[in-house]
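Colleague: Could you work out the structure for the sequence below:
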Amino acid sequence: MAKKFTEYGFDDASELFGQKAITTGSRTLYVLSRDSAIRRPASAIAASEFYAGNHWQNTDGFVGQLPPASLPGAPTILADIQKGFVSENVIQEVIETHVGGIMGREPLWSFLKEEGVSSKGKREPDDTVGEMITPWWNEREALKDLQKATEMIALEGKAVRRLFFPKGRLPENGELSAPTLPEALDYIYFQTHTSDVAGVFTEPDTQKEIGVYLFEETDEDGNVTDSCAELSFLDDNGDTVCRIVRDKGPEEEFGPYRLGGRLLIFEMNRRALITEQVQSNQRALNLAHTMMMRNVNMAGARERSVTNAQSPKRPRRLQDPSNPTRETEQLEPGTYETGGGAVMFLMGFPIKNSDGEVVGYTNPNVSISDPAPVDVFTKTRDHYYAAILGQCHQRHILISGDATASGISRKQAEKGYQRSLKETKIVVDACGRWQLETVLRLAAQLTGESEKYLPLRADFNCLLDIGEPEPDDLRVIMEMRKPGGVTNTPLISDETARNKSGIDDAAAELARIEEEKPAEPVTPSIVPGQDQPDPTLTAAGRE
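Modeller: Alright, predicted model coming up:
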């Protein structure tokens, strides 16, 4: 029999994340269990590290040859390699392009009434509620936080968003209320978390969902006092309950809240854009940059290898210890000098016979290592750069600058980019609807008006931005708006045509067009039985 969510403790919550409790003395540690699936694998963490600019990653980001750990002086050699490490953050570039294509423009959102369908068959928006939510949306910088969540799902494949009341704002008795909806909204905040500390899980036997957020409580000095988990689930009546369970301390429960079946935690999922293959290409590209810089150093100061020659000698005068007035001359090792005006004489090693007599000298030789051609590294860099863009569905960026590519090739590449954006857009739109509806219903709960706003449904729509449409695209859009076919109707609506043309808010643009229309001339009314003025006469003539 499945365990009820009301019976869940901290150990039950932590095990959902693949953590296992290990007791060492008086302290309990929670480590990843080998038998449990890891929600946030090492490749996901590495993807976020690449995006943040950490490409060295404690040598994991460098695929060149490293000194063996047992080699004397290995730490010094490793520090020199890190100092000469050069990277180019292509992963950040493709993520910013992807997120900008979805969240580059302010999404359109509104609340739709359950009743009040327009003559066109659409549900009417509730402008009053939208005007109350908008200040809260702007003040909390909801767009910025949603962009962060979009970055996270593109990097790692998972992102978790959570609504909460700040602990410091809760009253001592735990009964939170507000007289108006805007004042209730002032208590509500949201956060975005990684999948190793938050998530939504489904109980296999009942298929019911529970949202979990793991956190630690600290004292005034910042020391951890307890491990905690925030649980969000539905009770038997379908209302949302929030429970705080602790490893050592007491449990707390808040609610129930009438949120229409919404949890306070929402998990976003899509296929990760920065796969292990993309990361390996990023490492190879960084190696090409690093080796090219090494090549530049060699070109500026070419390496010389001297073989079959004694090290240069320089004379040094020494005072004879047996006779202070007498000096002797002694040869000691010198340095190989280079530069303008420098002349070096190299002497080979003496060759001796079995009797110790010098019978000859070796032939000195100086070998100079020339650097490899620079285009070897630039071509390698370009190859891996194109590979990363191709795997992230952004090959159109390369094709746009290729004069030899056909227009059809560019369009096909752009279509692949749009499909990738739409895969993310579906997830972000669902998260936006969850956030708006849950926030409104939670605020209404604080004002005692949960029934009033429960029927409202949120409409959230991210506007894809793939660049300005070309003239040919605009002509096609205009042709699709012309009446035609058997029914003599256009192929697309006016709103769709405006959106395809790059207009952010089609409704607002239509309203501006209506405002700019010139006023229609007023036709004088004609009353039967009365003499009407001659329209050919001027005002003076009528007088």
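Colleague: By mean pLDDT, point me to the weakest helix or strand of the protein.
Modeller: helix 539-542 (a mean of 48; mean pLDDT, DSSP states H and E).
Colleague: immediately after the strand or helix carrying Leu398, which helix or strand?
Modeller: Taking DSSP states H and E as the criterion, Leu398 maps to helix 396-399. Remark: after helix 396-399, the chain's next helix or strand is helix 407-447, criterion DSSP H and E.
Colleague: Now that following helix: average pLDDT?
Modeller: For helix 407-447, mean pLDDT rounds to 88.
Colleague: Report the distance from that helix to the chain centre.
Modeller: Chain-centre distance of helix 407-447: 15 Å, with C-alpha atoms, centre = their mean, to the nearest Å.
Colleague: Please apply the same query to stretch 494-501.
Modeller: So, by C-alpha atoms, centre = their mean, the centroid of stretch 494-501 is 29 Å from its chain's centroid.
Colleague: One more: stretch 124-133?
Modeller: For stretch 124-133, the distance to the chain centre is 31 Å (C-alpha atoms, centre = their mean).
Colleague: Equivalent analysis for stretch 231-249, please.
Modeller: 31 Å.
Colleague: Give me the distance between the two termini of that stretch.
Modeller: 15 Å (C-alpha to C-alpha, to the nearest Å).
Colleague: Not counting that stretch itself, show me its contacts.
Modeller: For stretch 231-249, the external contacting residues (C-beta atoms under 8 Å, 6 or more residues apart in numbering) are 5-6, 8-11, 13, 28, 208-212, 217, 226-230, 251-259, 261-265. To be clear about C-beta, it is placed using only N, CA and C from the backbone, and glycine gets the same treatment.
Colleague: ditto for stretch 483-492
Modeller: So stretch 483-492 is in contact with Ile477, Met480, Arg481, Lys482, Lys500, going by C-beta under 8 Å, 6+ apart.
Colleague: I'd like the residues you listed laid out as TSV, including pLDDT.
Modeller: Supplementary listing: those in TSV, determined by pLDDT from 0 to 100:
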residue	pLDDT
Ile477	80
Met480	82
Arg481	79
Lys482	80
Lys500	71
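Colleague: would JSON lines of those with neighbour count and secondary structure be doable?
Modeller: Compiled in JSON lines, the contacts of stretch 483-492 are given as follows (neighbours: other C-beta atoms under 10 Å; DSSP: H, G, I helix; E, B strand; the rest coil):
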{"residue": "Ile477", "neighbour count": "18", "secondary structure": "helix"}
{"residue": "Met480", "neighbour count": "15", "secondary structure": "helix"}
{"residue": "Arg481", "neighbour count": "17", "secondary structure": "helix"}
{"residue": "Lys482", "neighbour count": "10", "secondary structure": "coil"}
{"residue": "Lys500", "neighbour count": "17", "secondary structure": "helix"}
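Colleague: Tell me which two of the residues you listed sit farthest apart.
Modeller: Within these, two members stand farthest from each other by C-beta to C-beta: Lys482 and Lys500, at 14.6 Å.
Colleague: Sitting in helices, which of the contacts of stretch 231-249 do you find?
Modeller: Mapping the contacts of stretch 231-249 onto helices (DSSP state H) picks out Phe10, Asp11, Ala13.
Colleague: quick one: which of the residues you listed is nearest Trp109?
Modeller: Using C-beta to C-beta, these come closest to Trp109 at Ala13, 32.5 Å.
Colleague: Spatially nearest residue to the closest one (excluding sequence neighbours)?
Modeller: Ala229 (3.7 Å; C-beta to C-beta, 6 or more residues apart in numbering).
Colleague: Helix, strand or coil: sort out Val241 for me.
Modeller: Classification of Val241 by DSSP: H, G, I helix; E, B strand; the rest coil places it in strand.
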